[in-house]
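Trainee: no FASTA, just this:
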Ligand code: GLC
Ligand code: CA
């Protein structure tokens, strides 16, 4: 019987997959220990070989690096660490030659305190740039309200010269922009046009749901970090501002946007990304499936709960279907490596492939983070002073207040820090993992001798070659792109099983999240003997409809009528 799926509007961004580059750790072309655009140029063929269609660059702009590029001091230039604007144009050109689109990170909730706007507004209250930010008088000797930063102590920094405080929801050196000021919105549009005119194909919009702060900046509900967050997450004007950016700029280009959206739920997401007139972003990165082993933050860990993860994925799959479009990811520069969270170090290769199949076969635009495709893992540093990230420093202070020992904090940091995702890319088993001929800016994971691209290339059964195959399969099968989604065995704590269906074709995705054998019974309506096994992480697969799974086994079957 042929069932017809609801009509989904076909668009290029729904059919693409994206590779994320965190430039500092990707590939160093000039031997100064820092990844750069020369390095990127030398790897474009590699990226293309993954069967992705686009590159998202974490910020490449000039930055004092208080938050490694997410504190921008010049929006219309390229950091000298990474190259020049000319070199960037060459990257765009060379990428386009290979049919790879380029997506820039647009960080407009805040600028660096070393940005010209901030410096001018700080010198003079009468400067038009003063009102680019949130400058306020204190309450006596106290800051203007009780907000706390999510990165670094209080959310207000005092300036003696002006006798005023400025707001920073993130680090001290990341001053929040006042998006209520129309001049600031004009600046944002000008930045967008600058990069689009240069040929880029879209933006990943950093913490975009934070850009509108509640009028009057009222006190927030007291929390250990991030007090006040309810007054700027999905704030009152966020839709208006995004609609303005869309109308005045984005609609005039064939481009796409994905917004980073902490605290996002499917219901709320529809108000941003549902197809139609009110749509202000194409996709959103929500965080719900990344909380299956933690609560509130990556730093408060719980045992991994497969049911929690499945519930999050299934909810978004169900609720967005035919209405809006999902963004699919398991890793980025803000989280520890996924194999160490939802997979298994002992079964690194098996679980790395299983996790790939698990999310790449869902409905949505997939993102793959550098190193994920070779199964890179967390690093273990032996001393707290080796870490470099502002969040790590802040959490250290918080843990100290709770009287935790340094050993304990080191253990937590090794497990939870996002620096796990920021170690240099492991290209080869040679010096510095082939990342740099000089001294790398951050520690190379010692497991590079085993885990590296060169070794993975030579091994037909590597995680790398599995990613290639899975991404190719997705690209070549509309079923994987446009099919609907149905979950089986929802209550299982060990298996994640779902099907996709499109124009009479069906896909059955079977994923085991345990090393223990689980008795798998083929769901009603499927006969594995009639299916084509298109992805698998074990050889010698029987076609029996009941079988015992092997550790972290995955099988993906295609059924064509
Ligand atoms: C986003 C970025 C993160 C950064 C923060 C502040 O969450 O992904 O890396 O630290 O915003 O810009
Ligand atoms: Ca370099």
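Mentor: Everything's here; your move. Since we're looking at a predicted model, the values are computed, not measured. Ligands and ions are numbered 1, 2, ... in the order given.

Trainee: checking residue 176 next. Helix, strand or coil?
Mentor: Assigned state for residue 176: strand (three-state reduction, DSSP: H, G, I helix; E, B strand; the rest coil).

Trainee: burial count for the residue of the stretch 201-350 of the chain found nearest ligand 2?
Mentor: Nearest to ligand 2 in the stretch 201-350 of the chain, going by CB to the ion, is residue 333, at a distance of 17.8 Å. Yep, even glycine has a C-beta here, placed from its N, CA and C like the rest. Neighbour count for residue 333, taken as other CB atoms under 10 Å: 20.

Trainee: nearest residue to whatever residue of the chain ends up closest to ligand 1 other than its sequence neighbours?
Mentor: As assessed by CB to the nearest ligand atom, ligand 1 sits closest to residue 70 within the chain, at 3.4 Å. Excluding its sequence neighbours, the residue lying closest to residue 70 (CB to CB, 6 or more residues apart in numbering) is residue 107, at 5.4 Å.

Trainee: which one is residue 153 nearest to, not counting chain neighbours?
Mentor: In space, residue 153 is closest to residue 394, 7.3 Å off (CB to CB, 6+ apart).

Trainee: distance check, residue 149 against residue 33.
Mentor: 30 Å (CB to CB, to the nearest Å).

Trainee: mind checking the SS state of the residue of the chain closest to ligand 1?
Mentor: Per three-state DSSP, residue 70 ends up coil.

Trainee: can you pull out the helices in this structure?
Mentor: All helices of the chain, identified by DSSP state H, fall at 12-15, 37-49, 85-97, 116-123, 182-197, 238-248, 266-273, 306-320, 348-360, 390-401, 406-416, 453-458, 463-476, 478-482.

Trainee: mind giving me a markdown table with these and columns for mean neighbour count, mean pLDDT and distance to ligand 2?
Mentor: Converted to a markdown table, those look like this (neighbours: other CB atoms under 10 Å; pLDDT from 0 to 100; distance: least, CB to the ion, whole Å):
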| stretch | mean neighbour count | mean pLDDT | distance to ligand 2 |
| --- | --- | --- | --- |
| helix 12-15 | 16 | 98 | 31 |
| helix 37-49 | 18 | 98 | 7 |
| helix 85-97 | 15 | 98 | 11 |
| helix 116-123 | 18 | 98 | 26 |
| helix 182-197 | 16 | 98 | 22 |
| helix 238-248 | 18 | 98 | 33 |
| helix 266-273 | 18 | 98 | 37 |
| helix 306-320 | 19 | 98 | 37 |
| helix 348-360 | 25 | 98 | 29 |
| helix 390-401 | 16 | 95 | 22 |
| helix 406-416 | 16 | 98 | 27 |
| helix 453-458 | 16 | 98 | 18 |
| helix 463-476 | 20 | 98 | 24 |
| helix 478-482 | 20 | 98 | 37 |
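
Trainee: tally of neighbours for the closest residue to residue 446 other than its chain neighbours?
Mentor: Spatial nearest neighbour of residue 446, excluding adjacent residues (CB to CB, 6+ apart): residue 379 at 8.0 Å. Other residues near residue 379 come to 22 when the count uses other CB under 10 Å.

Trainee: residue contacts, residue 379?
Mentor: 414, 419-420, 423, 443, 445-446 (CB atoms under 8 Å, 6 or more residues apart in numbering).

Trainee: mind checking the pLDDT average for stretch 142-159?
Mentor: Mean pLDDT, stretch 142-159: 96.

Trainee: who touches that stretch?
Mentor: By CB under 8 Å, 6+ apart, stretch 142-159 touches 67, 122, 135-139, 164-172, 174-175, 217-220, 222-229, 231, 390-391, 393-394, 397.

Trainee: which of the residues in that stretch are buried?
Mentor: 143-152, 154-157 (16 or more other CB atoms under 10 Å).

Trainee: what's the farthest-apart pair in these?
Mentor: Largest separation among the buried residues of stretch 142-159 by CB to CB: 144 and 151, giving 18.5 Å.

Trainee: residue 323: neighbour count?
Mentor: 16.

Trainee: how about it, what does it touch?
Mentor: 270, 274-275.

Trainee: and if you look at residue 130?
Mentor: 121-122, 124.

Trainee: swap in 6 Å and give it another go.
Mentor: Going by CB atoms under 6 Å, 6 or more residues apart in numbering, residue 130 touches residue 121.

Trainee: now the protein against ligand 2: closest residue?
Mentor: residue 36 (3.8 Å).

Trainee: for ligand 1, what are the nearby residues on the stretch 151-300 of the chain?
Mentor: 170, 206-207, 260 (CB under 6 Å from any ligand atom).

Trainee: at 8 Å instead, please
Mentor: Residues of the stretch 151-300 of the chain lying near ligand 1 by CB under 8 Å from any ligand atom: 151, 170-171, 174, 206-207, 260, 262.

Trainee: from residue 418, how far off is the residue nearest the centre of the chain?
Mentor: Against the mean C-alpha coordinate of the chain, by CA atoms, centre = their mean, the closest residue is residue 332 at 4.0 Å. Distance from residue 332 to residue 418, counting by CB to CB: 9 Å.

Trainee: same question for residue 194.
Mentor: 29 Å.

Trainee: in strands, which of the contacts of stretch 142-159 appear?
Mentor: 135-136, 164-167, 174-175 (DSSP state E).

Trainee: returning to that earlier point: and which of the buried residues of stretch 142-159 is nearest residue 116?
Mentor: Looking across the buried residues of stretch 142-159 and measuring by CB to CB, the closest to residue 116 is residue 157, at 18.3 Å.

Trainee: which strand residues bridge the closest one?
Mentor: residue 166 (DSSP bridges).

Trainee: what do you get for residue 103?
Mentor: Bridge pairing for residue 103 - DSSP bridges - gives residue 56, residue 202.

Trainee: burial count for it?
Mentor: For residue 103, using other CB under 10 Å, the count is 26.

Trainee: likewise residue 512?
Mentor: Count around residue 512 with other CB under 10 Å applied: 27.

Trainee: for it, which non-adjacent residue is closest in space?
Mentor: Using CB to CB, 6+ apart, the closest residue to residue 512 is residue 549 (4.1 Å).

Trainee: who's in contact with the nearest residue to residue 340 once chain neighbours are set aside?
Mentor: In space, and not counting its chain neighbours, residue 340 is closest to residue 378: 4.5 Å by CB to CB, 6+ apart. Neighbouring residues of residue 378 by CB under 6 Å, 6+ apart: 336-337, 340, 420.
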